[in-house]
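Participant: Quick one: sequence and predicted model below, then my questions.
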Amino acid sequence: MMAEQLTRQGLDVVIVDRELPGRGSTVASTSMLLWEIDRSLQELTHLYGYERAARAYRASYDAVHGLKALVRTLDLRCDMRAKDSLYLAADESAKGLIEEHALRERAGLPGTLLDHKALLSEYDIARAGAIVSPDSADSDPLQLALGLLNVATARGARLFEAETATFDSAGHTVGVQLMDGRTVEARHVVLATGYVMPDIVKTTVQKPSSSWAIATKPQPDRLWRDGVLIWEDSKDYLYARTTTSGRIIIGGEDSDEIIDPDARDALIPAKARALKEKLASLWPRAELAIDYRWAGTFDTTRDGLPLIGPVPGHPHLYAAYGYGGNGITFSYLAAQLIGGMIAGKRSPLLDDFALQRDIA
């Protein structure tokens, strides 16, 4: 995402990746491109006040629109589909959703509140209520990443399979020392390294977390209405979507205690069984035969917002860390904000997403 943006601005771009492109957290993503943030507008309002919270939500909403437009403009083949989202009550009361909907209306954000009867009638889902919102999307995350990379390299970006060792930003440029002894010198360096955060980045806002997911066999005749993106109003929410081939993908069971790859992957069978049970409860008509099951490690933040902007104490270094359930949406937003900074622009969102910020 960063490379596409910066090459579009006419800059000479070098990409350094220690993995095969897209083979880190990207390939494990369920790729629900939501504009709704992990923390509700109510929660963010409690933390930061209404204006700042609403600004973050509107920026996320605009980012999904921008990403969809970019995919159309570049003609990327990544199975992207416009989707509504269904934000479900997780308990027996819809009181929290009623308050959330009122705040969203105040912020000018679209959505319709459904009570239990309307939700059951329109989507055949038995919960206390839900907010159905337009303008989200889903896609194939690996195809999306590789499509963007192909565009960037076609414009002249150079890709190196290598690992960084140190960053020296003491002068007018930044020297990036690679493990193999080579050095890349650049006017600006963007760290888009996911949960593998270099030591020079000091923040207490984030922590790594693991998530598990399963994909059913194709069952196009058993899917819920319109294949809406489903997620829950709870801290450890469940999320589900459909695919172009008629599969159901459902994920969750997140843990910030089990992040070692071997320990995480050892839990795949047990987590898959738990997700299968939750799918049966959420959508009883689903065929529960599972074709794929996997896990991935991601970072989350305590306020659900990304870490985007300058790295304190290191001139010309920028962080592009999407994080959380909105990783792809926030990655697009990071590309816009950091591309803007390099071009001499500054947004108030950079204060909201600062690497070192106080959270109540």
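Facilitator: Yep, it's here.

Participant: the strands in the stretch 151-300 of the chain, which residues?
Facilitator: 158-161, 164-168, 174-178, 183-186, 189-191, 206-216, 229-233, 239-242, 248-255, 290-301 (DSSP state E, counting those that start in this stretch).

Participant: so what secondary structure elements neighbour the last one?
Facilitator: Right, strand 290-301. Using 3 or more C-beta pairs under 8 Å, 6 or more residues apart in numbering; DSSP states H and E as the contact test, the elements touching strand 290-301 are strand 206-216, helix 261-266, helix 268-282. Any C-beta I mention is one placed from the backbone N, CA and C, and that applies to glycine too.

Participant: Buried deepest among the ones you listed, which one?
Facilitator: strand 206-216 (a mean of 21; mean count of other C-beta atoms under 10 Å).

Participant: Please compute how far it lies from its chain's middle.
Facilitator: Chain-centre distance of strand 206-216: 12 Å, with C-alpha atoms, centre = their mean, to the nearest Å.

Participant: quick one: strands adjacent to it?
Facilitator: Using DSSP bridges, strand 206-216 pairs in its sheet with strand 248-255 (antiparallel), strand 290-301 (antiparallel).

Participant: quick one: that strand to helix 268-282, angle?
Facilitator: Going by axes from the mean of the first three to the mean of the last three C-alpha atoms, to 10 degrees, strand 206-216 is angled at 70 degrees with respect to helix 268-282.

Participant: Kindly provide the whole-number mean pLDDT of strand 206-216.
Facilitator: Average pLDDT, strand 206-216: 91.

Participant: would JSON lines of the helices and strands packed on strand 290-301 with distance to Ser136 be doable?
Facilitator: Shown next, in JSON lines, are these (distance: least, C-beta to C-beta, whole Å):
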{"stretch": "strand 206-216", "distance to Ser136": "18"}
{"stretch": "helix 261-266", "distance to Ser136": "27"}
{"stretch": "helix 268-282", "distance to Ser136": "18"}
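
Participant: Nearest to Phe298 among these would be which one?
Facilitator: strand 206-216 (5.8 Å; C-beta to C-beta).

Participant: among the strands paired with strand 206-216, which is the most enclosed?
Facilitator: Of those, the one with the most neighbours on average (mean count of other C-beta under 10 Å) is strand 248-255, at a mean of 22.

Participant: Quick check: which ranges of the stretch 251-360 of the chain have low pLDDT?
Facilitator: 360 (pLDDT under 70).

Participant: what about 50?
Facilitator: In the predicted model of the stretch 251-360 of the chain, no residue satisfies pLDDT under 50.

Participant: okay, the strands of the stretch 151-300 of the chain in CSV with distance to Leu114 next?
Facilitator: Shown next, in CSV, are those (distance: least, C-beta to C-beta, whole Å):
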stretch, distance to Leu114
strand 158-161, 46
strand 164-168, 49
strand 174-178, 51
strand 183-186, 50
strand 189-191, 41
strand 206-216, 25
strand 229-233, 13
strand 239-242, 17
strand 248-255, 21
strand 290-301, 28
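
Participant: between these, which gets nearest to Asp38?
Facilitator: strand 290-301 (7.2 Å).

Participant: Let me see the ranges of the helices in this structure.
Facilitator: With helices called from DSSP state H, the chain shows them at 2-8, 41-48, 50-74, 95-106, 116-123, 141-154, 261-266, 268-282, 327-342, 349-352.

Participant: With distance to Gly313 added, can I get those in TSV?
Facilitator: Output for the helices of the chain, formatted as TSV (distance: least, C-beta to C-beta, whole Å):
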stretch	distance to Gly313
helix 2-8	21
helix 41-48	24
helix 50-74	25
helix 95-106	37
helix 116-123	50
helix 141-154	29
helix 261-266	31
helix 268-282	39
helix 327-342	16
helix 349-352	16
